[in-house]
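Asker: Mind folding the following:
(one chain, ligands or ions: 1)
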Amino acid sequence: MEPMPERRKLIAGNWKMNGLRAAGLELAKDLAGRLDAAGSVKFDMLVCPPATLVHSVAEAVAGTPLAVGGQDCHVAKSGAHTGDISAAMLADSGSTHVIVGHSERRQNHGEDDALVSAKASAAHQAGLVAIVCVGETLEQREAGKALDVVGTQVAGSIPAGATAANTVIAYEPVWAIGTGKTPTAADVAEVHAHIRKAIDGRIENPGQARILYGGSVKPSNAAELLSVDNVDGALVGGASLAADDFWGIAETCR
Ligand SMILES: O=C[C@H](O)COP(=O)(O)O
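Answerer: Below you'll find the model as predicted:
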């Protein structure tokens, strides 16, 4: 049997609703410069700035290995959807990726699995990699339902046509986001193994699909979290807003 090629880690930064132009461009250029200077590294790096900065950040880092993505997209290509952004617009602005189904979208905007799946499909149609987020609340974890909840979200949020190349899963326990709390390495391993099984039959080439962990990842805990089985990178919020912290996280997988 052929050995399975190693999955390259993806270190993704979700800036959320943070970043005015000057600071955002400075941060992106700083990271791109470090990546360029580092030469050959064992990870891919992505930043997802607010929509207002996608184009200028993409222009500022063009020609470097730093990738740029959006934080959400609409299911339609265009139309009367005030305030929304299509996947095609993100691609046109220099994005290669888009986050869909983040728990902040699920909670604050009532997004359900079917909508997340449609958004991921729209991303694929536009040639973007969809980063599909799943994760349980504290109440669900304490009720012993974490695996069921995450399995159901995975089943409902991945569209037909998903492949290991166009889809990344991000496991983000809601209670770990922005709280400084993280699950144990054993809990992360259990959920990621569950996700790996759950994507079988839903994502083409499931063994090669990347499954990220997100929730209070920092330089101090990154080495442990990123060495857990089936953890193929990190989706980082707060710590992606400071170049030293974000780079410090990435460096643990060099
Ligand atoms: O998308 C990123 C996550 O919500 C994690 O955020 P955090 O690193 O601030 O906990």
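Asker: didn't I177 look like it was pressed against L235?
Answerer: No: the criterion here is Cβ atoms under 8 Å, and I177 misses it with L235 at 9.7 Å. For the C-beta atoms, the positions are set from N, CA and C on the backbone; glycine is no exception.
Asker: Common neighbours of the two, please.
Answerer: Residues touching both I177 and L235 (Cβ atoms under 8 Å, 6 or more residues apart in numbering): G214.
Asker: Please identify which of those two sits among more neighbours.
Answerer: L235 (27 against 21; other Cβ atoms under 10 Å).
Asker: how about the more buried one, secondary structure?
Answerer: Secondary structure, DSSP: H, G, I helix; E, B strand; the rest coil: L235 is strand.
Asker: Please shift the residue numbers so they start at 39 in all later answers.
Answerer: With the count now opening at 39, the last piece we talked about shows up as L273.
Asker: Output the below-cut-off pLDDT ranges for the chain.
Answerer: Applying pLDDT under 70 to the chain flags the ranges 39-43, 292.
Asker: all strands for it, in order.
Answerer: 47-52, 81-86, 105-108, 135-138, 167-172, 205-209, 248-252, 271-274 (DSSP state E).
Asker: Which of those sits closest to A288?
Answerer: Closest approach to A288 among those (Cβ to Cβ): strand 47-52, 4.3 Å.
Asker: coming back round to it: any chance of the strands of the chain in a markdown table, plus distance to the ligand?
Answerer: A markdown table is the format used below for those (distance: least, Cβ to the nearest ligand atom, whole Å):
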| stretch | distance to the ligand |
| --- | --- |
| strand 47-52 | 4 |
| strand 81-86 | 8 |
| strand 105-108 | 11 |
| strand 135-138 | 7 |
| strand 167-172 | 7 |
| strand 205-209 | 7 |
| strand 248-252 | 4 |
| strand 271-274 | 5 |
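Asker: Can you pull the residues of the stretch 39-188 of the chain lying near the ligand?
Answerer: Contact residues, the stretch 39-188 of the chain versus the ligand (Cβ under 6 Å from any ligand atom): 52, 140.
Asker: A214: what's it in contact with?
Answerer: Going by Cβ under 8 Å, 6+ apart, the list of residues near A214 reads 173, 220-221, 252-254.
Asker: Now it: closest residue in space, sequence neighbours ignored.
Answerer: Closest residue to A214 apart from its sequence neighbours, by Cβ to Cβ, 6 or more residues apart in numbering: G253 at 2.9 Å.
Asker: D110 versus the one you found, what's the distance?
Answerer: G253 is 19 Å from D110, where distance means Cβ to Cβ, to the nearest Å.
Asker: re the thing from before, of the contacts of A214, select the buried ones using a PyMOL command.
Answerer: To isolate the buried members of the contacts of A214 in PyMOL, using 16 or more other Cβ atoms under 10 Å:
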select buried, resi 173+220+221+252+253+254
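Asker: For Q191, which non-adjacent residue is closest in space?
Answerer: Per Cβ to Cβ, 6+ apart, closest to Q191 is V172, 3.9 Å.
Asker: okay, now the one you found: neighbour count?
Answerer: V172 has 29 neighbouring residues, counting by other Cβ under 10 Å.
Asker: Please, where are all the helices along the protein?
Answerer: Along the chain, counting by DSSP state H, helices occupy 59-76, 89-99, 125-130, 141-146, 151-163, 176-180, 184-195, 223-236, 257-264, 281-289.
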